[in-house]
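K.L.:
pasting the structure only:
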């Protein structure tokens with residue numbers, strides 16, 4: 001960030017293969033002697049005998065050196081500083097999730113302001129597009145067989161893709177806005193600083209186009225890999241082609257998952273370090289290196305949590321929407337093509353707004369804190385964040 005030091009990519013960091021700086025003993029005051037000498041006159045050897053031994057110069061035994069247990073304070077390291085929503089040390093999975101939720105609670109006005117506004121605009125847009133611009137879904141005859149059944153299945157798949165494309169595009173744009181602003185909010189909350197919605201938007205706005213470019217690049221990369229895996233089997237067209245397409249799909253999916261995890265920290269790197277698209281992708285690959293499975297596990301756990309939240313909210317709202325829409329309910333029960341009206345669209349849209357308001361901050365928070373955690377582990381970012389937070393005992397000199 002501009003006014004918060006510590007987010008810039010280090011010129012020489014442990015992840016680059018460099019050795020992190022470690023405090024060392026100071027040189028002798030008079031400048032003479034080797035680096036290991038603390039004094040020109042060393043104490044006699046007899047004075048350094050272990051406690052409890054007899055002999056000239058041996059100190060009397062102290063209570064702490066016997067068999068009695070020491071004080072509790074000597075057995076535990078000091079607690080890590082916590083100026084904001086997370087302690088400044090390597091984080092566990094629970095601490096990352098707790099930090100995301102704590103950010104939602106501590107900055108609820110800013111978080112709710114951006115997520116609710118973007119969610120409402122996105123859902124209104126999706127509802128209007130689905131109601132007035134999209135064609136009617138293709139009808140399917142359950143009694144069709146052979147070539148007719150294949151043709152209807154292809155038409156139904158094409159209709160589903162056309163129907164879902166606008167909502168996917170709108171959701172992508174909404175995710176860009178919320179991710180950009182929430183990343184700024186979370187980066188401030190780590191050092192215990194508050195931020196208003198206008199301040200977060202002012203700082204995030206110059207990076208939106210680059211974030212959009214990064215998202216489109218990853219999307220095109222995914223589409224190209226899937227096409228390369230599936231197209232050969234589709235072009236063959238026989239039973240062997242179907243098997244080849246299935247194997248290609250599985251292989252392409254594995255490659256896509258590996259790449260998406262590898263580049264998952266590129267958005268926070270782009271927003272906080274103010275890097276270009278390619279440099280942010282390289283930074284993400286460097287931070288994830290050696291921690292791919294851990295990163296994958298945290299992302300899967302986050303996805304499961306958002307799925308559970310989605311189901312808890314979507315199922316009751318979906319039932320209410322179907323019941324309130326009489327025509328859609330009748331078509332749904334008779335197996336005919338459903339033509340849901342305004343009651344269904346409005347009620348289901350309200351449920352989607354609630355889901356997005358909860359899941360957007362959770363996903364963005366986990367991603368940003370995972371980036372912070374990896375930089376703490378590899379680049380000692382906790383020291384820079386402690387200086388940025390103004391904690392006592394940290395030298396502010398460069």
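P.N.:
Everything's here; your move. Since the structure is predicted, the reported quantities are computational estimates derived from the model, not experimental observations.

K.L.:
Three-state assignment for residue 183, please.
P.N.:
Here residue 183 is helix, with the state taken from DSSP: H, G, I helix; E, B strand; the rest coil.

K.L.:
wait, doesn't it sit right on residue 368?
P.N.:
Yes: Residue 183 lies in contact with residue 368 (C-beta atoms under 8 Å); the separation is 5.0 Å. In this view, the C-beta of every residue, glycine as well, is placed from N, C-alpha and C.

K.L.:
neighbour count for these two, which is higher?
P.N.:
residue 368 (28 against 25; other C-beta atoms under 10 Å).

K.L.:
if I look at that one, how far off is residue 85?
P.N.:
For residue 368, the distance to residue 85 equals 11 Å [C-beta to C-beta, to the nearest Å].

K.L.:
between the two, which contacts overlap?
P.N.:
residue 186 (C-beta atoms under 8 Å, 6 or more residues apart in numbering).

K.L.:
ok, back up a step: what is in contact with residue 183 and residue 368 at once?
P.N.:
Joint contacts of residue 183 and residue 368 (C-beta under 8 Å, 6+ apart) are 268, 272.

K.L.:
and the gap between residue 359 and residue 372?
P.N.:
20 Å.

K.L.:
cool, residue 199 as well?
P.N.:
20 Å.

K.L.:
which one of these two has more residues nearby?
P.N.:
residue 372 (25 against 16).

K.L.:
ok, now which ones touch that one?
P.N.:
86, 91, 187, 190, 381, 385.

K.L.:
where's it, which helix or strand?
P.N.:
Residue 372 belongs to helix 342-379 when assigned by DSSP states H and E.

K.L.:
tell me which helix or strand comes right after that helix.
P.N.:
Helix 342-379 is succeeded, C-terminally, by helix 381-389 (DSSP H and E).

K.L.:
counting by contacts, list what that next one packs against.
P.N.:
helix 342-379 (3 or more C-beta pairs under 8 Å, 6 or more residues apart in numbering; DSSP states H and E).

K.L.:
quick one, the helix it packs on and helix 381-389 angle?
P.N.:
On the basis of axes from the mean of the first three to the mean of the last three C-alpha atoms, to 10 degrees, helix 342-379 is oriented at 110 degrees to helix 381-389.

K.L.:
buried sites along helix 342-379?
P.N.:
Counting neighbours by 16 or more other C-beta atoms under 10 Å, one finds that the buried residues in helix 342-379 are 343-345, 347-379.

K.L.:
do I have it right that residue 125 meets residue 170?
P.N.:
Yes: between residue 125 and residue 170 there is a contact under C-beta under 8 Å: 5.2 Å.

K.L.:
pLDDT below threshold where in the protein?
P.N.:
1-78, 135-156, 158-159, 326-340, 395-398 (pLDDT under 70).

K.L.:
for it, just list every one of the helices.
P.N.:
93-106, 108-132, 146-190, 197-204, 208-236, 239-262, 266-273, 277-288, 292-324, 326-334, 342-379, 381-389 (DSSP state H).

K.L.:
for those, which one ends up most surrounded?
P.N.:
With neighbours taken as mean count of other C-beta atoms under 10 Å, the helices of the chain reach their highest mean count in helix 266-273, at a mean of 25.
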